[in-house]
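S.K.: Model the structure of this input:
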Amino acid sequence: MDTVGELVKKLRFYDKLNDTEQAAILKGSIIKKYSKNQILHDQSSECLGMILVLSGTVSVTMLSENGREINLYKIGAGDVDVLAASCVIHELTFETSIVAQQDCEVLVIPASIISKIEKENIYLHSYILEVVADKFSEVMWTMQQILFKRIDQRIAIFLLDEYTNNHKSLTIKITQEELAKDINSSREVIARILKRMSEEGLIELSRGKIFIKNFDNIKKLAITD
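M.R.: Numbering: from 1, shown residues only. Now for the predicted structure:
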């Protein structure tokens, strides 16, 4: 794996920093390892900072007033996120939790460093706003799925995304509980819909796995209005 210095220098805004700012980020950035289901950041933790996922996947969630956890989006290797620096980014007015979906490694640029530099460097400030806008688009897509798509459609969309992300493997390794969390539903509802989809010959179910049996019909289901 690349060193911290090599990783930091690949960040798109790095060349726009002056020598002092570059030195501060190089000195302060660290690589952290997290185990599956470990919390990287939540409302009760100290501000973490900007993160670059190096391996694994982390999910960004929000807790509703009635206690329901909503999965906003996921970030994987190569993705940057700034919601863990929400305490220093005044444009962010809501609290989120960031949780490791798998064992993962992330590069962390501490909030104290990001906070100081982004106040003085327009390029970093603009980059942060760009990342926020991009993640907001993903949040809006999630809300659209919840509000306007049936559960079976959301499952089909999820399976197709995983198929693409896993080198076109028709076998998706996921439990029903994990699937329910990913698409913001309940395990009971997911179990019922998966059983029906299995009876219709769209998928085959086994412990911790879903096999896409009829790819064409899953694709049709995903794009049904």
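S.K.: quick one, domains of this protein?
M.R.: Listed by automatic domain parsing, the domain ranges of the chain are 4-142, 149-223.
S.K.: Tell me where this structure is predicted with low confidence.
M.R.: Under the criterion of pLDDT under 70, the regions of the chain flagged as low confidence span 1, 64-65, 67, 87-94, 225.
S.K.: other SSEs contacting the top helix by length along it?
M.R.: Assignment by DSSP state H gives helix 122-148 as the longest helix of the chain. Other elements packing on helix 122-148 under the criterion 3 or more CB pairs under 8 Å, 6 or more residues apart in numbering; DSSP states H and E are strand 69-76, strand 80-81, helix 111-120. Using the backbone N, CA and C atoms, a C-beta is placed for each residue, glycine as well.
S.K.: how about those in CSV, adding mean neighbour count and distance to Asn166?
M.R.: Below are the helices and strands packed on helix 122-148 laid out as CSV (neighbours: other CB atoms under 10 Å; distance: least, CB to CB, whole Å):
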stretch, mean neighbour count, distance to Asn166
strand 69-76, 18, 11
strand 80-81, 22, 22
helix 111-120, 18, 33
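S.K.: any chance of those in CSV, plus distance to Phe215?
M.R.: Rendered in CSV, the data for the helices and strands packed on helix 122-148 read as follows (distance: least, CB to CB, whole Å):
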stretch, distance to Phe215
strand 69-76, 23
strand 80-81, 32
helix 111-120, 43
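S.K.: which residues does the residue positioned nearest the centre of the chain form a beta bridge with?
M.R.: The chain has Lys74 as the residue nearest its centroid, 1.6 Å off, counting by CA atoms, centre = their mean. The partner list for Lys74 in beta bridges (DSSP bridges) reads Ser59.
S.K.: just the strands in the protein please.
M.R.: With DSSP state E as the definition, the chain shows strands at residue ranges 30-34, 39-41, 49-55, 57-63, 69-76, 80-81, 97-100, 104-110, 171-173, 203-206, 209-212.
S.K.: so Ile128 sits right up against Val82, yeah?
M.R.: Yes: the pair Ile128 / Val82 is scored as a contact, 5.3 Å apart, by CB atoms under 8 Å.
S.K.: neighbour count winner among these two?
M.R.: Val82 (26 against 21; other CB atoms under 10 Å).
S.K.: Check the gap between the more buried one and Tyr127 for me.
M.R.: Note on Val82: its distance to Tyr127, by CB to CB, to the nearest Å, is 9 Å.
S.K.: same deal with Phe136?
M.R.: Counting by CB to CB, the separation of Phe136 from Tyr127 is 15 Å.
S.K.: Same question for Ala191.
M.R.: Using CB to CB, we find Ala191 at a distance of 43 Å from Tyr127.
S.K.: Pick out whichever of the two has more residues nearby.
M.R.: Between Ala191 and Tyr127, counted using other CB under 10 Å, the more crowded position is Tyr127 (20 against 15).
S.K.: how about the nearest residue in space to that one that is not next to it in sequence, phi and psi?
M.R.: Excluding the flanking residues, the one nearest Tyr127 by CB to CB, 6 or more residues apart in numbering is Phe13, at 4.3 Å. According to degrees, to the nearest 10, the main-chain angles of Phe13 amount to phi -90, psi -10.
S.K.: What of Thr175?
M.R.: Comment: the main-chain dihedrals of Thr175 come out as phi -90, psi 160, following degrees, to the nearest 10.
S.K.: Neighbours of it, how many?
M.R.: With neighbours defined by other CB under 10 Å, the count for Thr175 comes to 14.
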